[in-house]
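Asker: whatever this is, show me its structure:
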Amino acid sequence: MPNVGKMTTLVIFAMAAVVAAGTLWYQHRVSYKVLEIWGSDAAALILQSPEAETLEFDSSAGLEAAAVFHRRGVTETRGLNHIRRALVQDSTYDWDAAPPQKPVLWQAAIRFLDGAKEAQMLLCFDHCRIALKGSPHVMTLQPVACAELKALVQEH
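Answerer: Next up is the predicted model:
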């Protein structure tokens, strides 16, 4: 009978390994394109940073520091974890959308902070555009995702 316990333990460990491998494969499949665009460092900050804040810009001033007219900490905001996960999932973006023809006028941002490390996601709600600050890639958000991000930024 003692061998039954050992066999059961081995079967449980084997099943756990299969589930873990399946989870890793699934996460890779749902985030493959986004990770290519944003990079793994930015994605890790988006998902795990201890601090998050929203910024609203004075669109007439550009993106200098003086252009931020409203800053709000959102680390404890209800639903932020869902937004974090959505930002690193391929289904959040319209991959068939044409790239912008003109420079995008950024209206807001979400900053994910961990000490000196930062990932700042620039947002244009008028055209549902998003970009990682410092990256040349401008992506188009699905309308539902755009609306959720706008609600997060404009919630007071």
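
Asker: give the buried residues for stretch 112-125.
Answerer: By neighbour count with 16 or more other C-beta atoms under 10 Å, stretch 112-125 contains the buried residues 112-113, 119-125. Any C-beta I mention is one placed from the backbone N, CA and C, and that applies to glycine too.

Asker: and for stretch 72-88?
Answerer: Buried positions in stretch 72-88, judged by neighbour count with 16+ other C-beta under 10 Å: 74, 83-84, 86-88.

Asker: ok, and what's touching that stretch?
Answerer: Contacts to stretch 72-88, defined as C-beta atoms under 8 Å, 6 or more residues apart in numbering, come from residues 31, 34-35, 38, 43, 46-47, 50-54, 92, 110, 112, 121, 145, 148-149, 152, 155-156.

Asker: in helices only, show me those.
Answerer: Those of the contacts of stretch 72-88 mapping onto helices are 31, 34-35, 38, 43, 46-47, 145, 148-149, 152, per DSSP state H.

Asker: quick one, strands of the protein?
Answerer: For the chain, the strands defined by DSSP state E occupy 51-57, 68-73, 108-114, 117-124, 129-132, 138-140.

Asker: sketch out the low-pLDDT regions of this protein for me.
Answerer: The chain contains residues with pLDDT under 70 at 1-2, 18-31, 59-66, 156.
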